[in-house]
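1. Sequence plus predicted model, see below.
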Amino acid sequence: MLLEALRQCSLLAHTYREELAQEAVELIKKRYFPVLQRVLERLESRSG
């Protein structure tokens with residue numbers, strides 16, 4: 001999942017189309033953010 005997110009980031013780094021940018025925002029909010037949030041929670045629980 002994280003590698004897929006990095007690939008998407010690379011593809012979108014030079015995107016100037018509004019439609020594609022909005023799709024990226026939705027993908028980040030719905031798919032990648034929850035995963036990253038869980039990773040952060042696990043890391044925090046291990047460090048504390």
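-> Happy to help now that I have it. Numbering: from 1, shown residues only.
2. After the helix or strand encompassing residue 19, which helix or strand is next? Please name it.
-> Secondary structure assigned from DSSP states H and E places residue 19 in helix 18-27. On the C-terminal side of helix 18-27, the nearest following helix or strand under DSSP H and E is helix 33-47.
3. Now do that following helix: which elements does it pack against?
-> Based on contacts counted as 3 or more Cβ pairs under 8 Å, 6 or more residues apart in numbering; DSSP states H and E, the elements that helix 33-47 packs against are helix 2-12. C-beta coordinates here come from the backbone N, C-alpha and C atoms, glycine included.
4. From the centroid of this protein, which residue is nearest?
-> The structure's the chain has its C-alpha centroid closest to residue 32; by Cα atoms, centre = their mean the separation is 3.7 Å.
5. Isn't that one up against residue 24?
-> No - using Cβ atoms under 8 Å as the test, residue 32 is too far from residue 24 to be in contact (9.8 Å).
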